[in-house]
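Asker: how does the following fold in three dimensions:
(one chain, ligands or ions: 1)
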Amino acid sequence: MPTRPLVGVIACRREVEGHPSHMVTDKYLSALRDYGLAPVMLPVWEDISPAEVAALTGRLDGLVLTGSHTNVAPQRYAAERIPENTRADHDRDSLAMALVSVALERDLPLLGICRGFQEINVALGGSLYQAVQNQPGKLDHREPEGDKASRYAPAHDLAIRPGGVLARLFDGEQARVNSLHQQGIDRLAEGLRIEAVAPDGLVEAASVTGARSFALAVQWHPEWQPGTHALYDAIFRGYARACEAHQGQLTEASI
Ligand SMILES: N[C@@H](CCC(=O)NCCCC(=O)O)C(=O)O
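Answerer: Next up is the predicted model:
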C-alpha cells in the first residue's frame, strides 16, 4: 500500500496549561494532510545538536517552516531589537536555521510560510524590517482585527514575477493574499530570487536560486483554506508533488 510522504513541520515553544510545550497549529498540519502528505511535528530546543537534527530529518520527504507570532532574534541578522519587537522563540530559531541548511544540502522540498519565509532569508544571510509599518512608503501588513475569517481574508494585491517558481505553479501575474505580519524582508539574501512583491514593493515570496528541489517561501498564509484560493492551492499542489518525487527517489534508492 503506498505510504504518504513524511513531512517535518517545525514547532513553536509555548506554555500549555503551565507546562513548556512544543506546538503547531492545526491549519498547517491539516493542509498538508489534505494534499496527501503525512505531517510530523519537529520539536525545538535551542541547544539541539547536528546529530539530533540529522536523526529528526533523516527519513523525511519534505520540510515546512510555519508562521508564528514570535520573531527571529534580530541578533541573527546583526540588528538591535526595537521596542515593537516583543516576542522571541530562540528554541525555534535554532532548529529553523539548521533545517534550512539540511533542506538545501539534501534536496528536501522546503516550504516557508510567514515567519518561515523570514527564517529562510535570515539563514541565508538576509535581514528583516522589525516593524514594516515604520518604514516610509510601506503598508501596514499587520494582522487585522476581527474573527479568523476576517484576519485571514485577502488583504493586499500581489504581483508575481514572470519566469519564476511561483509563475510556473500558478497561471497568473496578479493575486490577492492575506497579511498577518509585522516584520518583513529588508535585505534579501544572496541566493534568493524574488518571486512576488506587494504594492509597496515589499518582497512577499522568494525561491532559492539553483535549488534542485522545491524551495519556495511566502510571506502570506496559503495554509488558510487553500481549497478556496487558486494561488494557495497551486502552492500546496506543487509542494506535494515535490515531496512525492523525493519519496520516489528514496524508494528507488532503498531498493
Ligand atoms: N512574527 C512574524 C511572522 C508573522 C507570522 O508568522 N504570523 C503568523 C500568525 C499565526 C499563524 O497563522 O500561524 C511577523 O510578525 O512578521
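
Asker: what's the closest non-adjacent residue to Leu124?
Answerer: Ala189 (3.5 Å; Cβ to Cβ, 6 or more residues apart in numbering). Heads up, the C-betas are built off the backbone N, CA and C, glycines and all.

Asker: what does the stretch 151-255 of the chain put close to the ligand?
Answerer: Applying Cβ under 6 Å from any ligand atom, we find that the stretch 151-255 of the chain lies next to the ligand at Leu180, His181, Gln182, Gln183, His221.

Asker: and the pLDDT at the second one?
Answerer: In this case it means His181. What the model reports for His181 is a pLDDT of 98.

Asker: my read: it touches Asp140, true?
Answerer: No: contact criterion Cβ atoms under 8 Å: His181 and Asp140 do not qualify, at 10.3 Å.

Asker: spit out the contact partners of Trp220.
Answerer: By Cβ atoms under 8 Å, 6 or more residues apart in numbering, Trp220 lies in contact with Ile113, Cys114, Leu158, Val177, Asn178, Ser179, Leu180, Glu204.

Asker: average pLDDT for the host helix or strand of the third one, rounded please.
Answerer: Following DSSP states H and E, one finds Leu158 within strand 156-160. Rounded to a whole number, the mean pLDDT of strand 156-160 is 98.

Asker: what comes up buried for the following helix or strand past it?
Answerer: Downstream of strand 156-160, the next assigned helix or strand under DSSP H and E is helix 165-169. Within helix 165-169, the residues that count as buried by 16 or more other Cβ atoms under 10 Å are Val165, Leu166, Leu169.

Asker: between the residues you listed, which is nearest Ala54?
Answerer: Distances from Ala54 to these, taken as Cβ to Cβ, are shortest for Val165 (27.1 Å).

Asker: for the ligand, see how far away that closest one is.
Answerer: To the ligand, Val165 is 21 Å away according to Cβ to the nearest ligand atom, to the nearest Å.

Asker: just checking, that residue touches Glu195?
Answerer: Yes: between Val165 and Glu195 there is a contact under Cβ under 8 Å: 6.0 Å.

Asker: anything in contact with each of the two?
Answerer: Ser207, Leu216.

Asker: partner strands of the strand or helix carrying Ala175 and their direction?
Answerer: If you go by DSSP H and E, Ala175 is part of strand 174-177. Applying DSSP bridges, strand 174-177 is found paired with strand 156-160 (antiparallel).

Asker: could you pull out the helices in the stretch 151-255 of the chain for me?
Answerer: 165-169, 230-254 (DSSP state H, counting those that start in this stretch).

Asker: out of the ones you listed, which gets the lowest mean score?
Answerer: Among the helices of the stretch 151-255 of the chain, helix 230-254 scores lowest, at a mean of 91.

Asker: what residues does that one touch?
Answerer: By Cβ under 8 Å, 6+ apart, helix 230-254 touches 3, 5-7, 31-32, 34-37, 61-62, 107-109, 111, 158, 165-166, 169-170, 172, 175, 177, 213-214, 216, 218, 222-227.

Asker: narrow those to those in strands?
Answerer: Leu6, Val7, Gly62, Leu111, Leu158, Ala175, Val177, Leu216, Val218 (DSSP state E).

Asker: so who does the fifth one touch?
Answerer: Shown here is Leu158, whose contacts under the criterion Cβ under 8 Å, 6+ apart are Gln174, Ala175, Arg176, Val177, Ala196, Val197, Ala198, Glu204, Ala205, Trp220, Leu231.
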